[in-house]
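Asker: Sharing a model prediction with you, sequence too.
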Amino acid sequence: MKILVLNSGSSSQKACLYEIGDALPEIPPLPLWEGRIEWNGDTAAITVRNSKGMVRKKKLKSLPCELVLKDLLTTLWSGETRSIASAADIDTVGHRVVHGGPRFHDPILISNDVHSALAGLSQFAPMHIQSELQGMKTVADLLGDVPQVAVFDTGFHRQMPRVAQTYPGPYEWFEQGIRRYGFHGINHQYCSTRAAQLIAKDLRSLKIVSCHLGNGCSVTGIRAGRSVDTTMGFTPLAGIMMGTRSGSVDPGILIFLMRQHGFDADQIDDMLNKKSGLLGISGLSGDMRDVLAGMDAGNERAKLAFDLYTHGLRTAIGGIAAVLEGLDVLVFTAGVGENSPEVRAATCKGLDFLGVVIDLNRNKELMLDADISSPDSRVKVLVIRAAEDWAIAGECWKLCRCPAAVA
Ligand code: ADP
C-alpha cells in the first residue's frame with residue numbers, strides 16, 4: 001500500500017510517501033519520497049528528495065499555497081525525483097490534523113461531513129486547520145476520490161483523566177470545550193511504543209516522560225501506553241518555553257498589557273506566539289543552534305534563554321513524574337531533543353534523585369533511537385527520532401486494511 005502523508009503546518013508543509021506491505025514494520029523505513037515547502041513572506045522554497053537521493057530545489061514567488069502544494073506533489077510522478085508511475089499509484093493519503101476539538105480523537109476517513117465538521121473546528125487553531133483543509137482539497141483536486149484520513153495530534157491525550165483536562169476557571173469552560181487537549185500526541189504515542197521496543201519491555205508496565213522539543217515543545221506523561229498529563233493545553237501555546245512561543249505565563253500579564261498598554265488580541269497573539277521563547281529572551285533567534293552559538297560567544301541573554309528553557313523542562317519532568325508516581329523512561333525527541341547534547345545534559349543534571357543519570361560521552365555521540373543512560377541509572381534515558389509522518393502512515397494502513405481494528 002502506498003501512503004502519502006501530508007503535514008501542513010501554518011508556515012511549512014511537509015509530505016512523504018511510504019510503502020507498507022502485509023505487516024507494519026516496527027522500525028520506520030525510509031520514505032520513497034519526501035518534500036517540504038518553507039515559506040518566507042510570499043516566497044516558497046520547495047525541496048524534494050527521492051529514495052535514490054535525487055534532490056530538487058526550487059523557489060516559487062507570489063503563487064497561492066494550493067498551486068505550490070500541487071507543484072510539490074506532482075514531483076512524485078514526474079521529473080527527476082519521480083518515485084511512482086502515476087498519481088493513481090497512491091492508495092491512501094493521511095493528514096496530520098492539529099486539533100480534533102471535543103469531537104474527533106481517533107483516525108477517521110474524511111467524508112464530506114467530516115470535512116465540514118473539521119471546518120467548524122477552525123476556531124480552535126485557525127491558521128493550522130485552514131491550511132490542513134486546503135491540503136485535503138488540493139489532494140482531492142489532484143488525486144480524485146483517493147481515501148483521505150485525518151489523524152489528530154490531540155487524539156492521544158483524550159483519555160487523560162478529567163483532572164488533567166480541566167482548567168480551574170469557571171466550570172462552564174469545560175462544557176464549552178475550553179479544556180486541556182494537549183498536542184504532539186502522534187509523536188508522543190509513537191515514542192512510547194518505540195521506547196518499549198528499544199528496552200524490550202512491555203509498554204503496559206512502563207511510566208514514561210516524553211519530551212518533544214522541536215519548534216514547539218511539550219512534555220507528556222505516559223502510563224501503560226496512555227497519556228495521563230501533558231504540558232500543552234487548549235492551544236499549543238501553553239506549557240514549557242519554546243522557540244518563539246512563550247509557553248505558560250501569568251495570565252495577569254496579558255490583562256496588564258491590555259489595560260496599561262492598549263494591546264489587542266492580535267498583538268498579544270503575535271507577541272506570545274512569534275516574539276517570545278528562545279527568540280524573545282535571547283534577542284537572537286528561536287533556533288537552539290543560534291542560542292548555543294550565542295552562549296559560546298559570551299552573550300548573557302543567550303545564556304539566560306538556555307537556562308530558562310532547561311529550567312522549565314526540569315520543572316515539567318519533575319511535575320509529570322510526580323503525577324506518574326514514578327519514572328522508568330525519559331525520552332528526548334524532535335529537533336532539539338534529538339540533536340542537542342547540551343540541552344539533554346543540562347536538563348538531566350541533578351535528576352539522580354529521580355533515578356536519572358546519563359552517560360555524558362554517549363550523550364555527545366550523534367545517535368538516534370539510542371539509550372544514553374549510564375549503566376547505574378535506574379531510569380532509561382532514550383533519544384528517539386520523531387516519526388509523526390510514519391506514525392500517520394501506520395494509522396492509515398490500519399484503518400484502510402482493517403477498519404475495525406482502529407477503535
Ligand atoms: P518542528 O517542530 O517544526 O517539527 P523540528 O522538530 O525539526 O521542528 O525542530 C526544529 C528545531 O530543532 C530548530 O528550530 C532547532 O532549534 C532545533 N535543532 C535542530 N538541529 C539542532 C542542533 N544540532 N542543535 C540544537 N538544536 C537543533
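Answerer: It's in.

Asker: Low-confidence ranges, the stretch 201-350 of the chain, go.
Answerer: Nowhere does the stretch 201-350 of the chain drop to pLDDT under 70.

Asker: Show me which residues of it sit near the ligand.
Answerer: By C-beta under 6 Å from any ligand atom, the residues of the stretch 201-350 of the chain that approach the ligand are 214, 215, 216, 243, 287, 288, 289, 334, 335, 336, 339, 340. All C-beta spots, glycine's among them, are computed from the backbone N, C-alpha and C.

Asker: Can you tell me the SS state at the second one?
Answerer: Each residue gets one of three states, and residue 215 gets coil by DSSP: H, G, I helix; E, B strand; the rest coil.

Asker: That one: neighbour count?
Answerer: 19 (other C-beta atoms under 10 Å).

Asker: Name the nearest residue to the residue of the chain at minimum distance from the ligand, ignoring sequence neighbours.
Answerer: Going by C-beta to the nearest ligand atom, the ligand is nearest to residue 335 of the chain, at 2.0 Å. Residue nearest to residue 335 in three dimensions, not counting chain neighbours: residue 214, with 4.6 Å by C-beta to C-beta, 6 or more residues apart in numbering.

Asker: how deep is the one you found tucked in, by neighbour count?
Answerer: The number of residues packed near residue 214 is 19, by other C-beta under 10 Å.

Asker: Also residue 17?
Answerer: So residue 17, with other C-beta under 10 Å, has 24 neighbours.

Asker: again, but for residue 111
Answerer: A count of nearby residues for residue 111, using other C-beta under 10 Å, gives 10.

Asker: again, but for residue 377
Answerer: Counted with other C-beta under 10 Å, the neighbours of residue 377 add up to 20.

Asker: can you tell me how far the residue most central in space within the chain sits from residue 337?
Answerer: Centroid check for the chain by C-alpha atoms, centre = their mean gives residue 184 as the closest residue, at 4.0 Å. Distance, residue 184 to residue 337, by C-beta to C-beta, to the nearest Å: 11 Å.

Asker: list residues touching both of these two?
Answerer: Taking C-beta atoms under 8 Å, 6 or more residues apart in numbering as the criterion, residue 184 and residue 337 both touch residue 212.

Asker: Could I get the phi/psi values of residue 8?
Answerer: When read as degrees, to the nearest 10, the backbone of residue 8 gives phi -100, psi 100.

Asker: That one: neighbouring residues, count only.
Answerer: There are 25 residues near residue 8, going by other C-beta under 10 Å.

Asker: returning to that earlier point: so the residue nearest to residue 335 sits against residue 336, correct?
Answerer: Yes. Counting by C-beta atoms under 8 Å, residue 214 touches residue 336, with 6.8 Å between them.

Asker: I'd like to know which elements the longest helix anywhere in the chain is packed against.
Answerer: Secondary structure of the chain per DSSP state H: the longest helix is helix 300-324. Other helices and strands packing on helix 300-324, by 3 or more C-beta pairs under 8 Å, 6 or more residues apart in numbering; DSSP states H and E, are strand 207-213, strand 217-223, strand 226-230, helix 277-282, helix 288-296, helix 341-348.
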